[in-house]
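*Asks:* Take this sequence and fold it.
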Amino acid sequence: MSEKGFFGKIIGGLAKTRQGLADSVGNVLKGFTKIDEELFEELEEALILADCGVETSMAIIDKLRQKAKSDRIDTAEGVKDALVAIISDMIEGAVAPLDIKYPAIVLIIGVNGVGKTTTIGKLAANFTKEGKAVILAAADTFRAAAIDQLQIWADRSAVTLIKHQENSDPGAVVFDACAAAKARNADLLVVDTAGRLHNKKNLMEELRKISRIIDREHPTAHRETFLVLDATTGQNALQQAKLFAEIADISGIVLTKLDGTAKGGMVIAIANEMDIPVRYIGVGEQIDDLQPFDAQVFARGLFFEEESNDL
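*Replies:* Prediction:
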């Protein structure tokens with residue numbers, strides 16, 4: 001997809017967030033008379049209301065105070081431009097390039113209902129389009145619906161799904177999937193896992209068991225663990241990320257349903273408060289609406305309704 005097409009999808013997908021953030025900041029700046037502590041406090045409140053989070057909003061405003069002083073900013077437009085630049089730098093600073101070496105195994109973790117199964121299906125489609133041989137593993141054996149949904153996505157992308165019966169051992173599924181991946185020289189094995197965060201101890205033990213099986217059965221495979229979060233839950237998604245970080249070595253975050261929420265500011269909070277890069281964002285229902293995360297394009301999409309070279 002061209003950069004213009006990609007930016008167009010982000011622009012469309014962030015419409016609700018952009019409206020909320022731009023309106024909040026815009027309303028504060030409309031009443032702008034001078035740069036003082038009252039202005040900074042109102043901007044901080046506007047960022048919090050846009051789901052940037054308290055800690056992150058305070059960090060942004062602290063940087064804005066310093067920049068306003070050092071650059072002698074004295075106009076509303078200057079304040080907005082500085083705010084955009086600070087947020088852009090904050091997001092970009094938290095992103096490292098995704099460098100997958102093949103063969104690779106990607107574990108997908110996250111609570112039920114965040115869009116894990118759909119994410120796996122779209123990832124399979126993305127990598128298949130790139131010419132990679134993909135295998136899926138249905139290791140969330142506690143929900144028959146999850147297995148059935150994965151089969152539908154596997155059929156759409158013409159990839160193999162390794163599955164067992166409902167309530168079977170997830171480790172056995174991963175064992176068979178590793179064997180299939182090696183036998184068929186697959187480039188990528190994507191593993192669905194159960195999302196029972198209410199029992200962290202059991203989930204931790206299950207993920208450790210899966211990890212041990214992969215280490216034993218496919219030790220040379222490159223490993224990634226992606227946490228899927230539902231952007232519509234705002235700050236709750238950030239709390240989920242912190243909880244999962246306690247039980248798993250997360251290498252990337254996938255944010256789904258960004259097109260359906262005004263809470264996209266939580267992406268900034270995740271970038272600032274978690275040392276984990278956002279890898280993909282979901283901006284629609286179509287199979288190609290799971291996009292690799294581009295920090296600069298995302299920052300532009302938060303503030304501009306058309307392609308701009310301002311950032």
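*Asks:* quick one, strands of the stretch 1-150 of the chain?
*Replies:* Assigned by DSSP state E, counting those that start in this stretch, the strands in the stretch 1-150 of the chain fall at 104-109, 134-138.
*Asks:* How far away from the center of its chain is the last one?
*Replies:* Think strand 134-138. Mean-position distance between strand 134-138 and its chain equals 21 Å (C-alpha atoms, centre = their mean, to the nearest Å).
*Asks:* Low-confidence bits of the stretch 101-250 of the chain, can you list those?
*Replies:* Per-residue confidence for the stretch 101-250 of the chain (pLDDT under 70) gives these ranges: 198.
*Asks:* show me where it has helices.
*Replies:* Using DSSP state H, counting those that start in this stretch, the helices of the stretch 101-250 of the chain run over 116-129, 144-157, 170-183, 200-217, 235-247.
*Asks:* As TSV, the strands of the stretch 1-150 of the chain with mean neighbour count and distance to Ile91 would be great.
*Replies:* Every C-beta, even on glycine, is put in place using the N, C-alpha and C of the backbone. Below are the strands of the stretch 1-150 of the chain laid out as TSV (neighbours: other C-beta atoms under 10 Å; distance: least, C-beta to C-beta, whole Å):
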stretch	mean neighbour count	distance to Ile91
strand 104-109	23	23
strand 134-138	26	29
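*Asks:* can you put those strands in a markdown table and add distance to Ile276?
*Replies:* What follows is these, written out as a markdown table (distance: least, C-beta to C-beta, whole Å):
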| stretch | distance to Ile276 |
| --- | --- |
| strand 104-109 | 12 |
| strand 134-138 | 23 |
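*Asks:* rewinding a little: quick one, which of the helices of the stretch 101-250 of the chain is nearest to Asn27?
*Replies:* helix 235-247 (21.5 Å; C-beta to C-beta).
*Asks:* That closest one - contacts with which helices or strands?
*Replies:* Here helix 235-247 touches helix 200-217, strand 222-230, helix 266-273, going by 3 or more C-beta pairs under 8 Å, 6 or more residues apart in numbering; DSSP states H and E.
*Asks:* list the contacts for Gly58?
*Replies:* Quick fix: residue 58 is Met, not Gly. Glu44 (C-beta atoms under 8 Å, 6 or more residues apart in numbering).
*Asks:* quick one: it from Phe40, how far?
*Replies:* According to C-beta to C-beta, to the nearest Å, Met58 and Phe40 sit 10 Å apart.
*Asks:* Could you tell me how many residues sit around Ala172?
*Replies:* Residues lying near Ala172 (other C-beta atoms under 10 Å) number 13.
*Asks:* In this structure it contacts Lys163, no?
*Replies:* No: Ala172 lies out of contact with Lys163 (C-beta atoms under 8 Å); the separation is 10.7 Å.
*Asks:* Can you tell me which of the strands of the stretch 1-150 of the chain is nearest to Leu83?
*Replies:* The nearest among the strands of the stretch 1-150 of the chain, by C-beta to C-beta, is strand 104-109 at 33.8 Å.
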